[in-house]
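Engineer: Here is my input; please provide its structure:
(chains A and B)
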Amino acid sequence: MIRLVLSEFLRIRSRRLVWVLAMLIVLGVVVGSAIAAANSHPPTAADLAQAHANYLSERASCIAGDFHMPSAMLGGNTLRQWCDENLREADFAPGDEFVLSTLPGILKGTSFLLIVMGLVIGSSSVGADWQSGSMSTLLTWEPRRLRVLAVRIVVVTAAVFFLAIALQALLSLALAAVAATRGDTTGLGGTWLQDLALVIARIGAMAVFGAVVGLSVSMIGRATAASLGVVFVYLAVVENLLREHVPGIAPWLLSTNSVVFVSGDPLIGGPETDAFSVAHAVAVMTIYAAVLVAVAAALFRSRDVE
Amino acid sequence: MNVIEIEGLRKDYRRFRRRTVRAVSELDLEVPEGGVFGFLGPNGAGKTTTIRCLLGLVAPTEGRVRMLGAEIPRGLPEVVRQVGSIVEAPALFPRFSGRRNLQILAGLDGIGRRTVEDALEKVGLAERAGDRVRTYSLGMRQRLGIAAALTKDPAVLILDEPANGLDPAGIVEVRELLRRLGAEGRTVFISSHILAEVHQTADRVAILANGRCVAAGPVSEVLASSKGEGLIVKLRDLEAGHAALTAAGIEAVLEEEALRVTASASDAERISRTLAERGLYVTELRPDEADLETVFLELTRDADEEAPA
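Structural biologist: Numbering: from 1, shown residues only, chains lettered A, B, ... in the order given. Below is the predicted model:
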């Protein structure tokens, strides 16, 4: 078993596609960080003074009742208390510098790249074998097919998870450097760090989910391109049609659950349905992945390899 | 002891909305230990399907397959380390180097890099081992496939058309390699349609036609089963020679370039003297010995005629 795992690691390490995808994302990180650095300008003393003046002016207006807040909205507070709680000086900070505290949001926004990377690596890890015919060569060395599939899934998901974490860490470090030199690094407490770590882990898990889906569909269809095509058509066409024509199906759609899982926000499930929990998203996606793997395993086990 | 035993093997391919194709039909085959065994048959005879059944890649529809005492496919994991194989053209990763392909496969058996290098050396690929496989010629891929099979130091070597794509020098090298491996006591099972090649390499053969085995045994026995017998006589005036032999009571058939005489080798002197007494001098006199190609064509033609329409 260990030999098979090592051999699979050597194989995935030798795959050019893995390196090309990783290098493209690294390039994206470098370019993105350079743009962020170029557009980030630390505020001057005059900017800060203006921002402070704006804050004081707004606060004064609020306290004077210029916002016409209904008393029911105050929640038992005085108007002053409500204004102090809801108007924060940080919100008036000059807006053209990079603020590191927005990093979790940036990672969430770019997560689709890593999910696609996982999908492509997963699909091609099996599709390439079928297309080159090397699956039959592999099986003449290790005929236990379920073992081959299980090890392939473990190795591919481990590699994708590692890559996803490493690339996010790289982006985080690059943007931290931008913020430290030309931006704002305030508001980075323990809670922020914990939130950041959770976001990175969730995106890593989503990339793994993409890899498992890609690998399974590729094992069923025995081709990388067909597998990618099926997944993209399903997500872009089928799920949108279902969302439109079948009310209440959103909690069972992959795209909705993916968004809820990556955001970690149950409310983002969408207005068309009741909000559902992150745990629900995890459960739904786990079931989908398990069903796909089971179908792929059953077909691989019984199919003639030609 | 038989290394490979096949009993009543049948393989039907069922295709969606198309008729079922029977690739192998009631095949019985025994391959004894050691030496080179030639598995012959025209295209579509079922050779590759049989090999795929042996290697567990294809599930038989019916019948029993045993290799090295293990039931296939259930017992294959127990013996797979003793079996080296190539099925059709060696299928390897075209974007990896030859060496990397071998290292990945060898890693599955814990085979070290030294053995990989030795195998590359043995098939004459050491210098190109670092190049991508997609830059290899078919012959080089074939050598790489053989190298992969050899890294296992296998007791049984199953090679599907091993001479495919090789140049004449490569064919001679592979032939010698296979002979050497067979002489070492390994069982080398080669399928081929290059009959002269098998004739020169194999100790035993089986001939497959329409999915059935139509002849099997030592090469000499299979050749002896041919309809060809008698002597071939060549001389300048074939018609005069035919008349002379017939007059002497020797049965002969006049053919385009020779006389086919129904007689044994011990009658050669009498034939030669009979012709010489009439001033006809023999330019060639040899037994009408069938080669493997003749036998193969006869047997596969007979099988075609007997096959149900």
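Engineer: Which residues belonging to the helix or strand of chain A with the lowest mean pLDDT are considered buried?
Structural biologist: When the helices and strands of chain A are compared on mean pLDDT, DSSP states H and E, helix A:2-14 comes out lowest with a mean of 80. Across helix A:2-14, burial judged by 16 or more other Cβ atoms under 10 Å in any protein chain shown covers A:3-9, A:11-12, A:14. (Glycine included, C-beta is placed from N, CA and C.)
Engineer: And that helix, how far out from the chain middle?
Structural biologist: 27 Å (Cα atoms, centre = their mean, to the nearest Å).
Engineer: so what does it touch, helix or strand wise?
Structural biologist: helix A:145-182, helix B:98-108 (3 or more Cβ pairs under 8 Å, 6 or more residues apart in numbering or on different chains; DSSP states H and E).
Engineer: May I see those helices organised as a markdown table, with distance to B:I250 added?
Structural biologist: Shown next, in a markdown table, are those (distance: least, Cβ to Cβ, whole Å):
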| stretch | distance to B:I250 |
| --- | --- |
| helix A:145-182 | 66 |
| helix B:98-108 | 61 |
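Engineer: need the least confident one among those helices, by mean pLDDT.
Structural biologist: Lowest mean pLDDT within the helices and strands packed on helix A:2-14: helix B:98-108, a mean of 88.
Engineer: Surely B:E5 is within a strand?
Structural biologist: Yes: the assignment for B:E5, made by DSSP: H, G, I helix; E, B strand; the rest coil, places it in a strand.
Engineer: tell me which residues form a beta bridge with the closest residue to it other than its chain neighbours?
Structural biologist: Leaving aside its sequence neighbours, B:E5 sits nearest to B:R66 (Cβ to Cβ, 6 or more residues apart in numbering or on different chains; 4.4 Å). Beta-bridge partners for B:R66, by DSSP bridges, are B:E5, B:E71.
Engineer: List the contacts of the residue in the stretch 151-300 of chain B positioned nearest to chain A.
Structural biologist: The nearest approach of the stretch 151-300 of chain B to chain A comes at B:K152, 8.2 Å away (Cβ to the nearest Cβ). Taking Cβ atoms under 8 Å, 6 or more residues apart in numbering or on different chains, we find B:K152 in contact with B:81-84, B:109, B:111.
Engineer: now it: how far from B:R81?
Structural biologist: Plainly put, B:K152 is 6 Å away from B:R81 if you go by Cβ to Cβ, to the nearest Å.
Engineer: Spit out the residues that contact the two alike.
Structural biologist: Residues within reach of B:K152 and of B:R81 at once, by Cβ under 8 Å, 6+ apart, are B:D109.
Engineer: returning to what we had before: give me the pLDDT for the residue of the stretch 151-300 of chain B closest to chain A.
Structural biologist: The model's pLDDT for B:K152 equals 87.
Engineer: Same check on B:M67?
Structural biologist: The model's pLDDT for B:M67 equals 93.
Engineer: what number of residues lie near it?
Structural biologist: 28 (other Cβ atoms under 10 Å in any protein chain shown).
Engineer: same question, B:L297
Structural biologist: Number of residues near B:L297 (other Cβ under 10 Å) recorded here: 14.
Engineer: Ok, B:A23 next?
Structural biologist: Neighbours of B:A23 (other Cβ under 10 Å): 23.
Engineer: Check the secondary structure at it for me.
Structural biologist: Assignment for B:A23 (three-state DSSP): strand.
Engineer: Check which helix or strand the residue lying closest to it once chain neighbours are set aside maps to.
Structural biologist: In space, and not counting its chain neighbours, B:A23 is closest to B:T49: 4.1 Å by Cβ to Cβ, 6+ apart. Element membership of B:T49 [criterion: DSSP states H and E] is helix B:47-54.
Engineer: which residues of chain B fall in strands?
Structural biologist: Counting by DSSP state E, one finds strands in chain B at the ranges B:2-13, B:21-32, B:35-40, B:62-67, B:70-72, B:83-86, B:156-160, B:187-192, B:204-209, B:212-218, B:231-235, B:252-254, B:259-261, B:282-287.
Engineer: what's the second one packed up against?
Structural biologist: This points to strand B:21-32. strand B:2-13, helix B:47-54, strand B:187-192, strand B:204-209, strand B:212-218.
Engineer: List the buried residues for that strand?
Structural biologist: So, applying 16+ other Cβ under 10 Å, buried residues of strand B:21-32: B:22-25, B:27, B:29-31.
Engineer: quick check, nearest of those residues to chain A?
Structural biologist: Chain A lies nearest to B:A23 out of these, by Cβ to the nearest Cβ, at 10.4 Å.
Engineer: mind listing what that closest one touches?
Structural biologist: Per Cβ under 8 Å, 6+ apart, neighbours of B:A23: B:11-13, B:46, B:49, B:211.
Engineer: so what's B:P154 closest to, chain neighbours aside?
Structural biologist: B:G84 (3.6 Å).
Engineer: right, I mislabeled it, should have said A:L170
Structural biologist: A:V29 (5.4 Å).
Engineer: how many neighbours does that neighbour have?
Structural biologist: Other residues close to A:V29 by other Cβ under 10 Å number 19.
Engineer: which SSE is it in?
Structural biologist: helix A:16-39.
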